[in-house]
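Student: compute the structure for the input listed below.
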Amino acid sequence: MNIHFIAIGGSAMHNLAIALYQKGYQVSGSDDTIHNPSKSRLEKRGLLPKEFGWFPEKISTELDVIILGMHAKKDNPELLKAQELGLKIYSYPEFLYEQSKNKTRVVIGGSHGKTTITSMILHVLNYHEKEVDYMVGAQLEGFETMVHLTEENDFIVLEGDEYLSSPIDMRPKFHLYKPNIALLSGIAWDHINVFPTFENYTDQFRIFTDSMINGGSMVYNEEDQVVKEVVTSSVNHIKKYPYQTPNHFIENGITYLETPEGDLPLEIFGKHNLQNLAGAKWICQHMGIDEDDFYEAIANFSGASKRLEKIAENESTVVFKDFAHSPSKVEATTNAVKNQYAKRTVLACLELHTYSSLNAEFLAEYKGALDTADKAVVFYSPYAVEIKQLEEVTEAQIVKAFDREDLIFYTNPQEFKEFLFKQNLANTALLLMSSGNYGGLDFEEVKNLVSVF
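Tutor: Numbering: from 1, shown residues only. Just a heads-up that it's a prediction; the model follows:
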């Protein structure tokens, strides 16, 4: 099969391109810009476009399939040529479904936790040498790529994103997978540029639940009341398996899980991660991994990239990097760090970087999200607001939204860096939450901070 990617440089797109190349397909692609690690990974396999830009002459009837990424626009010259020639155009999730129609599809959905849960499942399966196809939204230790596709594997594990499929397909990605087994971790309003009301956003999870095949199995977090209502009210003929936070305790900075075989020390921590673990256990059991084998494997799971990722530590200081940006994720992550390091000062730094987080009306959703931090800092780049064509939010609006009078606020990257590097981090847990990089912060320099104390 001869496949061409329009916008091959995206995180998900380049991984799919590599997976199909490894499967033996002919793969080509275009993009107007490609950054690392996508660039080096594509280059290593001879898949990097010779020059950046859009080239309609690349599109011909010799192509069997076009895969269209979200980065492309509706008027993309290559897309217009493909439409003119009547070529088969797939979105990323559509093509994944085509590749997995004859497999048992396991789809992990939810506003938060889905990358971690998918990672936990793949870690356990890999530990027990159980081969599956997969697509996950973060780089995992022990896995070369984020997408793996074969002809022979019976299962495929898919991280089910609720964002749109492509510029010409406005359905959420996870509506297209038709799962045999699914999980819902939590529902908290996000992507407000696409889903303008909480009700509209919640409806996407109802559609997802109803898209499961008859007789399918839905595993869900019953401690999330919205998830519970969505799943229990569904009239789809599916089996429903609730989970909740498992019994655990913290001792000397280590979280222990109470199991039938005894207390199990974990490398992860936080209520949200323990919920994720409980959900992952149910899914693994549906895939043939028994409880004892799950516990044996999960004990050394250290987390997915950028999800409460410990980047530096000494005897008195620990530094975490986390992708958290939505209100529910920020609150859960901050609470987890404070609970784990109760006797340390928690310095929580949040960058408002996404469309939703920089929206003046949505800001109110952050109320209380940083309450458990001993020091709280919010940073945003006016340049990011400009790019997203939003009205600039003020310091007063942000302080009011977070409902914290001692909130520290920066818009200048250099000033934020100077503040950070002047802090005495002895007896401190530093938490850096962002889907960006604070206007150019070098995290390698941040790692070196802990060696000072």
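Student: so how far is residue 19 from the residue nearest to residue 185 when sequence neighbours are not counted?
Tutor: The shortest distance from residue 185 to any non-neighbouring residue, by CB to CB, 6 or more residues apart in numbering, is to residue 110 (3.2 Å). The C-beta positions use only the backbone N, C-alpha and C, and glycine is treated the same way. Distance, residue 110 to residue 19, using CB to CB, to the nearest Å: 24 Å.
Student: looking at these two, which is more packed in?
Tutor: Between residue 110 and residue 19, counting by other CB atoms under 10 Å, residue 110 is the more crowded of the two (26 against 23).
Student: my guess is the more buried one contacts residue 174, does it?
Tutor: No - taking contacts as CB atoms under 8 Å, residue 110 lies outside contact range of residue 174: 9.7 Å.
Student: tell me the confidence at the residue nearest to residue 185?
Tutor: Model confidence at residue 110, given as pLDDT, is 97.
Student: and what of residue 197?
Tutor: For residue 197, pLDDT reads 95.
Student: what about it, distance to residue 189?
Tutor: From residue 197 to residue 189 the distance is 8 Å (CB to CB).
Student: need the residues touching each of the two.
Tutor: Contact criterion CB atoms under 8 Å, 6 or more residues apart in numbering; no residue bridges residue 197 and residue 189 by contacting each.
Student: who's more crowded, the two?
Tutor: residue 189 (21 against 10).
Student: apart from its neighbours in sequence, what residue is nearest the more buried one?
Tutor: residue 198 (4.5 Å).
Student: hang on, isn't that neighbour packed against residue 191?
Tutor: No - judged on CB under 8 Å, residue 198 makes no contact with residue 191 at a distance of 11.4 Å.
Student: the more surrounded of those two?
Tutor: residue 191 (19 against 15).
Student: quick one, what contacts that one?
Tutor: 162-163, 201, 355-356.
Student: from the centroid of the chain, which residue is nearest?
Tutor: Taking CA atoms, centre = their mean as the criterion, residue 115 is the residue nearest the geometric centre of the chain, at 4.6 Å.
Student: distance of that one relative to residue 391?
Tutor: 31 Å.
Student: can you check residue 415 too?
Tutor: For residue 415, the distance to residue 391 (CB to CB) stands at 23 Å.
Student: got the phi and psi for the residue nearest to residue 189?
Tutor: phi -60, psi -40 (degrees, to the nearest 10).
Student: go through the helix or strand hosting residue 93 and flag the buried ones.
Tutor: Following DSSP states H and E, one finds residue 93 within helix 92-99. Buried residues in helix 92-99, counted by 16 or more other CB atoms under 10 Å: 92-97, 99.
Student: ditto for stretch 140-151
Tutor: Those would be 140, 143, 145-149, for stretch 140-151 by 16+ other CB under 10 Å.
Student: farthest pair in those residues?
Tutor: Longest distance between any two of the buried residues of stretch 140-151 is 16.1 Å, between 140 and 149; criterion CB to CB.
Student: end to end on stretch 298-311, go ahead and measure it.
Tutor: 20 Å (CA to CA, to the nearest Å).
Student: cool, stretch 119-133 as well?
Tutor: 13 Å.
Student: ok, and what's touching it?
Tutor: Against stretch 119-133 from outside (CB under 8 Å, 6+ apart): 99-100, 103, 106, 108, 134, 136, 138, 140, 142-143, 148-150, 153-157, 276-277, 280, 283-284, 287-289, 293-294, 296-298, 301, 303-304, 307.
Student: tell me the mean pLDDT over that stretch?
Tutor: 95.
Student: coming back round to it: in helices, which of the contacts of stretch 119-133 fall?
Tutor: 99, 276-277, 280, 283-284, 293-294, 296-298 (DSSP state H).
Student: which of the residues you listed sits closest to residue 400?
Tutor: Nearest to residue 400 among the ones in helices among the contacts of stretch 119-133, with distances taken as CB to CB, is residue 276, at 32.2 Å.
Student: hmm, residue 112 and that closest one touching each other?
Tutor: No - Residue 276 is not in contact with residue 112 according to CB under 8 Å; the separation is 9.1 Å.
Student: please identify which of the two sits among more neighbours.
Tutor: Ranked by neighbour count (other CB under 10 Å), residue 276 and residue 112 place residue 276 first, with 31 against 26.
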